[in-house]
Structures are given as structure tokens and as C-alpha cells.
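J.: Got a sequence here, can you model it:
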Amino acid sequence: MTALKICGIKDANTLVLLQKLSVEYAGLVFAESKRRVTVEQARTLVAEAKTSADAEVLENMNRPFPRLVGVFVNPDVSELDRIVNQVPLDVIQLHGQETPEFCQMAQKRFGKPVWKAIGIGTGSDSIIEKLASYKNSVQAYLFDTHDPKQAGGTGKKFAWEHIPDLQRMVAPLQAIIAGGISIENVETLLSKYAPALIDLSSGVETNGEKDAHKITILAERVKQHGTSYECTR
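T.: Model (predicted):
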């Protein structure tokens, strides 16, 4: 049973579509990226999506609004204060070199779960030691493909055969899998590794924009593997 997060949302229509498809999480990127949204843009698109006629109908059908994940790269406290206090985020995702102490501070300060992204394929620090250092500071780990020039959304896949070891190392916390997932390979990922939650951005885009058709196909294929369950709150 795998939950789904679509990241890099930039318009209200996509958010409503995610609600229609019962996608559990929607990511808003506040870091430097072609998918970046400002505080004002995020507030507007979320408000428009939540107050649309379609959203009201879907709510009556017991289709909850996607939980909002704010994606940050090496933010300072003032940046988090400004954004978290203005945008109704449910989760804080830290995608840079944030320390365990910073992650713990963010969770306590804002009362929201913190997901820490860990790049796979660096060939440097011991992954075991790195994961252990965050054990008491985060509520979930997000494993993405390491790229020295880009914190995420690269569309590159890391070696999935490492997933069972990663899942084992972080248990009982959840291992979120990102990087290079697409319509073409998602069923292989789900069948072989059954991750608790998968995270896509470029894999459901066409010419750099979210593609409603691809999102719909992807969501349907994920749901075929069973009713999903919520990631760590």
C-alpha cells in the first residue's frame, strides 16, 4: 500500500485534480527551482483550489484535500517563520544540508512533521552514520538521487536495489522514495519494493509543466496496488 506525493505544484487546477484522484500529498517548492512558488502564489493557489466548486463536491464525496508539503533547501529560521505562518502547510521537507539540530528545532517550533531528504549516490559519508544522526530529529526520510547541481526534481533514478537496506536502516520511520519515477517504471517500483510513499515531479510533466493526463495515469497505477495509507504525521 503506497501513498503518493506530487511535487512542484504551481496552479490551483492541479491541486483540485490531486484531490479528485485522492492523491495524499502535494508539494510546494519554496527553494530556488523552476518550480518555485512565492508565498503569495502559494497562498493564492491553495485558496483558489480549496474554494473551487469542484473541491466542494469532492469534499462531499469524502475525498480529502491533499496534505501540503513545503519544500525548502537550507532555509533560515526567519524564512521558515515567514512561510509557515502564511501558508497552511502540513509537512516541512528539508532538502539541503540541514543539521539534525535544525530539523529538530523546526519540528518543535512549528509543530509539524519534518521530512529530511538524503541524496543517494554521493559515495562520500557513511549512509548508516548519516541516517543515525537524524534518527531522533525527523519523522521520515526522503531518498532522492544525489546531484551536486540540483537538490531535487532531476528526473534521475538511483539504484533501487538499495531500497530494502534503506527501509531497514530507517525503520520504524518511513522511507519515501523519489528520483526518476515515471509512469513507465512505477509498477516495477511498487511490485518489487512496496515503498510507503513515492514522490514525483518531473515524471508527471510535459515540457516542464504538470501534465494532467500523466498524473491521472500515474495515480491510477499506484492505486491499483491497494488502498494507500498515510505517511508519518
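J.: So which residues of this protein form helices?
T.: Under the criterion DSSP state H, the chain contains helices at 12-20, 39-51, 53-60, 77-84, 100-110, 127-133, 163-170, 186-193, 212-223.
J.: So for Gln139, which of the ones you listed sits nearest?
T.: Among these, the nearest to Gln139 by CB to CB is helix 100-110 (7.2 Å). Backbone N, C-alpha and C define where each C-beta goes, glycine included.
J.: If you count contacts, what does the closest one end up packed against?
T.: helix 77-84, strand 91-94, strand 114-120 (3 or more CB pairs under 8 Å, 6 or more residues apart in numbering; DSSP states H and E).
J.: Contacts made by the helix or strand of the chain with the lowest mean pLDDT with the rest, please.
T.: When each helix and strand of the chain is scored by mean pLDDT, DSSP states H and E, helix 53-60 comes last, with a mean of 81. By CB atoms under 8 Å, 6 or more residues apart in numbering, the residues outside helix 53-60 that reach it are 16, 19-20, 49, 65.
J.: residues touching the nearest residue to Ala212 once chain neighbours are set aside, list them.
T.: Using CB to CB, 6 or more residues apart in numbering and skipping the chain neighbours, the partner closest in space to Ala212 is Leu17 (5.7 Å). Contact analysis of Leu17 by CB under 8 Å, 6+ apart lists 212, 215-216.
J.: Out of these, which comes closest to Cys103?
T.: Using CB to CB, the shortest approach to Cys103 within the contacts of Leu17 belongs to Ile215, at 29.7 Å.
J.: from the helices of the chain, which stretch is densest packed?
T.: helix 12-20 (a mean of 21; mean count of other CB atoms under 10 Å).
J.: CA atoms only: put that one into CSV for me.
T.: Extracted as CSV, the C-alpha positions of helix 12-20 are listed here (Å, rounded to 0.1, in the frame of the first residue of the first chain):
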residue,chain,number,x,y,z
ALA,A,12,-4.9,25.5,-8.4
ASN,A,13,-6.3,23.2,-11.1
THR,A,14,-3.5,20.7,-10.4
LEU,A,15,-4.3,20.7,-6.7
VAL,A,16,-8.0,20.1,-7.4
LEU,A,17,-7.0,17.2,-9.8
LEU,A,18,-4.9,15.7,-7.0
GLN,A,19,-7.9,15.8,-4.7
LYS,A,20,-10.1,14.2,-7.3
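J.: and that helix with helix 39-51, angle?
T.: Orientation of helix 12-20 against helix 39-51 (axes from the mean of the first three to the mean of the last three CA atoms, to 10 degrees) gives an angle of 50 degrees.
J.: Can you pull out the low-pLDDT segments for this protein?
T.: Where the chain drops to pLDDT under 70, the residues are 122-125, 146-155, 226-233.
J.: who wins for proximity to Gly121 among the helices of the chain?
T.: Of all these, it is helix 127-133 that lies closest to Gly121, at 10.1 Å by CB to CB.
J.: List the contacts of the closest one.
T.: With contacts defined as CB under 8 Å, 6+ apart, helix 127-133 is touched by 100, 118, 120, 141, 166, 169-170.
J.: mind running it again at 7 Å?
T.: Residues outside helix 127-133 that contact it (CB atoms under 7 Å, 6 or more residues apart in numbering) are 100, 118, 141, 169-170.
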